[in-house]
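[1] Have a look; sequence and predicted model below, questions after that.
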Amino acid sequence: MLKIQNLHQFYGGSHILRDVNLKAEKGKITVLLGRNGVGKTTLLKSLMGLVPIRSGRIEWQGADISRRAPYDRARSGMGYVPQGREIFSRLSVEDNLRMGLAYKPGGARIPGELFELFPVLKTMLHRRGGDLSGGQQQQLAIARALAPKPQILILDEPTEGIQPSIIKDIGRVIRMLANRGDMAILLCEQYYDFAEELADHYVVMERGEVIASGPGHEMQSQGVRQLVAI
Ligand SMILES: Nc1ncnc2c1ncn2[C@@H]1O[C@H](COP(=O)(O)OP(=O)(O)OP(=O)(O)O)[C@@H](O)[C@H]1O
């Protein structure tokens, strides 16, 4: 389980994350919502060690990882799909997938299961990442994060700029991964309907603070759509 307690983060003198508390449990999808600029990406980067935190605790599988390096967090089973996908455009699909395994001891193989989840990647294995559509790149970014078999998958706005049919496919994969019961999923999302459909738990942020949270089935009754409407 991932447990964030009393997290504070600053960019220079700007206080971005303010006393954030959040949990993501195995077998569940926790959805993080909030308008542009409230600090969602900063929170996910803090979890992965890509930006330093000022204070608070990030606990993963019972250990305090707040000061660990990003590669160490990845190695401990944290998978991250960054906003904007960050595909290596000049590398092939296959080599992009291998990058997900880069920290594994030599010879780690790309799990065949990734091609069952995202069949399009198999047909495009030798194409350059940059030649894929936005939706295919997003599927590649998710597959790359899944390649080392993480115990948590952290996704930053996977639906951003993607066509509806691929959004559906991605939603199905996320639900299936959670239903297997051995992976926690933390999904940061602006697309409300997608978030509501998938959420076991929801967390809403505003100006760096958590202002609402609860079970996913209460999102409608609690007016979460209005909280994140632009
Ligand atoms: N590297 C940085 N240096 C200084 N300020 C930053 C930096 N990155 C983000 N910020 C600021 O921190 C705040 C939170 O940004 P963040 O990207 O975390 O928000 P967000 O909720 O993820 O928004 P979006 O949905 O647009 O990605 C914003 O005010 C942003 O301008």
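    Arrived safely, thanks for sending.
[2] Tell me how many other residues crowd residue 193.
    Counted with other C-beta atoms under 10 Å, residues neighbouring residue 193 total 12. Every C-beta, even on glycine, is put in place using the N, C-alpha and C of the backbone.
[3] tell me which element residue 225 is part of?
    When secondary structure is defined by DSSP states H and E, residue 225 falls within helix 224-228.
[4] And that helix, what does it pack against?
    Helix 224-228 makes packing contacts with strand 29-33, helix 192-198, strand 201-206, strand 209-215 when contacts are defined by 3 or more C-beta pairs under 8 Å, 6 or more residues apart in numbering; DSSP states H and E.
[5] of all those, which lies closest to the ligand?
    Comparing these against the ligand with C-beta to the nearest ligand atom, the closest turns out to be strand 201-206 (7.0 Å).
[6] Paired strands for the closest one, with orientation please.
    Its sheet considered, strand 201-206 pairs with strand 29-33 (parallel), strand 209-215 (antiparallel) by DSSP bridges.
[7] Reformat these as JSON lines; add mean neighbour count.
    Formatted as JSON lines, those follow (neighbours: other C-beta atoms under 10 Å):
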{"stretch": "strand 29-33", "mean neighbour count": "27"}
{"stretch": "strand 209-215", "mean neighbour count": "16"}
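[8] any chance of those in TSV, plus distance to residue 201 and mean pLDDT?
    Listed next are these as TSV, based on distance: least, C-beta to C-beta, whole Å; pLDDT from 0 to 100:
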stretch	distance to residue 201	mean pLDDT
strand 29-33	5	98
strand 209-215	6	97
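[9] who's in contact with the residue nearest in space to the middle of the chain?
    Ranked by distance to the mean C-alpha position of the chain (C-alpha atoms, centre = their mean), the top residue is residue 155 at 1.6 Å. Shown here is residue 155, whose contacts under the criterion C-beta atoms under 8 Å, 6 or more residues apart in numbering are 81, 142, 174, 185, 186, 187, 188.
[10] Is it possible to get TSV of these that adds secondary structure and distance to the ligand?
    Conversion of the contacts of residue 155 to TSV gives the following (DSSP: H, G, I helix; E, B strand; the rest coil; distance: C-beta to the nearest ligand atom, whole Å):
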residue	secondary structure	distance to the ligand
81	strand	14
142	helix	18
174	helix	19
185	strand	18
186	strand	13
187	strand	13
188	strand	7
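[11] okay if I get these as TSV plus pLDDT?
    Shown next, in TSV, are those (pLDDT from 0 to 100):
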residue	pLDDT
81	97
142	98
174	97
185	98
186	98
187	98
188	97
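[12] Tell me the one among these nearest to residue 34.
    residue 188 (8.3 Å; C-beta to C-beta).
[13] follow-up on the earlier one: against residue 108, how distant is the residue nearest to the centre of the chain?
    Distance, residue 155 to residue 108, by C-beta to C-beta, to the nearest Å: 22 Å.
[14] swap in residue 174?
    Plainly put, residue 174 is 24 Å away from residue 108 if you go by C-beta to C-beta.
[15] can you check residue 53 too?
    31 Å.
[16] With neighbour numbers in mind, choose between the two.
    A side-by-side neighbour count of residue 53 and residue 108, using other C-beta under 10 Å, places residue 53 first with 22 against 15.
[17] And the pLDDT for residue 84?
    According to the model's per-residue confidence, residue 84 sits at a pLDDT of 87.
[18] Save the strands paired with strand 201-206 as TSV, and put in distance to residue 192 too.
    Formatted as TSV, these follow (distance: least, C-beta to C-beta, whole Å):
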stretch	distance to residue 192
strand 29-33	7
strand 209-215	13
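[19] How is residue 101 assigned, secondary-structure-wise?
    Here residue 101 is recorded as coil under DSSP: H, G, I helix; E, B strand; the rest coil.
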